[in-house]
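# Structural data only, the sequence is not supplied:
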């Protein structure tokens, strides 16, 4: 084990910025539990542990650092003393979903994020998708980077099980719509979306139990689903307040809304 160098500290700090994560193909995670989960799906480059601490991740630390050095590298208010550098899955981010697979399979839900920009929200959404068995999250190109350190922390290792793609959403949804027209009598893929003027998702028939496959679109924190994407939604949904129509907060946080919607879809099954 070696003591971390100033150059290595500089490298870890640089990975807080997307530019360097993209250039170097690396990202950072913190904490034993998160690191251990990510090791199942990503190649570990460095494991840095605070001097005097014992990592329970099952890996002998490559580097040790003082508390002050850990604080310099950490993005957490209270650093946990364990920091890891992993290699990114660079190619996977550009992968377009297989439309034929979407059309053919049953019980396949795909989450679509239109401009979700808060890293904490994105990380929580990915973790929630993992909990509810959603294996693919498709993001617009202006959605937060899934390798942002704050996103990585909020996922708590779910990045190893949930595939993330960044695509041109209007182009993708246009392709799905065209496919639906071709296969309308066979098995169309519903495009759900959460809108303030959508149908109460708890009402009978709004989410059909025999059509559990589909895309579920969640929008930007402040502006919701963009007009470009909205026009392709075939099943507009609304999460009602309680009681429905009561004066309350303007809207739900997008991560909370995603959890509520996915829970209702899974309840239908």
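Received the coordinates, thanks. All values reported here derive from a predicted model rather than from experimental measurement.
# which residues of the stretch 101-250 of the chain score low on pLDDT?
101-107, 183-187, 209-212, 245-250 (pLDDT under 70).
# what's the single longest strand in the protein?
strand 191-200 (DSSP state E).
# can you list the residues that contact it?
Judged by C-beta atoms under 8 Å, 6 or more residues apart in numbering, the contacts made with strand 191-200 from elsewhere in the structure are 173, 176-177, 206-207, 214-219, 224-225, 229-230, 232-240, 244, 251, 257, 261. The C-beta positions use only the backbone N, C-alpha and C, and glycine is treated the same way.
# contacting residues around the residue most central in space within the chain?
Of all residues in the chain, the one closest to the mean position by C-alpha atoms, centre = their mean is residue 126, 3.2 Å from it. Residues counted as contacts of residue 126 (C-beta under 8 Å, 6+ apart) are 137, 146, 151, 154-155, 158-159, 162, 164.
# what's the closest of those to residue 32?
residue 155 (15.2 Å; C-beta to C-beta).
# partner strands of the helix or strand just after the longest strand of the chain, parallel or antiparallel?
Helices and strands here follow DSSP states H and E; after strand 191-200, the next one along the chain is strand 214-218. Strand pairing for strand 214-218, determined by DSSP bridges: strand 109-113 (parallel), strand 191-200 (parallel).
# Strands of the stretch 51-200 of the chain, start to end?
Secondary structure of the stretch 51-200 of the chain, counting by DSSP state E, counting those that start in this stretch: strands at 63-65, 82-87, 109-113, 136-140, 163-167, 191-200.
# follow-up on the earlier one: from the strands paired with strand 214-218, which stretch is densest packed?
strand 109-113 (a mean of 25; mean count of other C-beta atoms under 10 Å).
# so how far is that strand from its chain's centroid?
Using C-alpha atoms, centre = their mean, to the nearest Å, we find the averaged C-alpha position of strand 109-113 to lie 10 Å away from the chain's own average C-alpha position.
# quick one: contacts of it?
97, 102, 122, 125, 129, 132-134, 136-140, 143, 169, 173, 212-218, 258, 262, 265.
# 6 Å instead, please
129, 134, 136-139, 143, 215-218 (C-beta atoms under 6 Å, 6 or more residues apart in numbering).
# Out of those, grab the one that's most surrounded.
The residue in those with the most neighbours, by other C-beta atoms under 10 Å, is residue 217 (29 neighbours).
# quick one: the nearest residue to it once chain neighbours are set aside from residue 51, how far?
Ranked by C-beta to C-beta, 6 or more residues apart in numbering and with sequence neighbours excluded, the top spatial neighbour of residue 217 is residue 193, at 4.0 Å. Using C-beta to C-beta, to the nearest Å, residue 193 is found at 51 Å from residue 51.
# repeat for residue 125
36 Å.
# More neighbours: which of these two?
residue 125 (32 against 15).
# Residue 140 - how many residues pack around it?
Neighbours of residue 140 under the rule other C-beta under 10 Å: 23.
# can I assume residue 28 sits in a helix?
No: read with DSSP: H, G, I helix; E, B strand; the rest coil, residue 28 is strand and lies in no helix.
# who's in contact with it?
By C-beta under 6 Å, 6+ apart, residue 28 lies in contact with 15, 85, 149.
# if we can go back for a sec, how about the strands of the stretch 51-200 of the chain in JSON lines, adding distance to residue 75?
What follows is these, written out as JSON lines (distance: least, C-beta to C-beta, whole Å):
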{"stretch": "strand 63-65", "distance to residue 75": "15"}
{"stretch": "strand 82-87", "distance to residue 75": "10"}
{"stretch": "strand 109-113", "distance to residue 75": "22"}
{"stretch": "strand 136-140", "distance to residue 75": "21"}
{"stretch": "strand 163-167", "distance to residue 75": "20"}
{"stretch": "strand 191-200", "distance to residue 75": "30"}
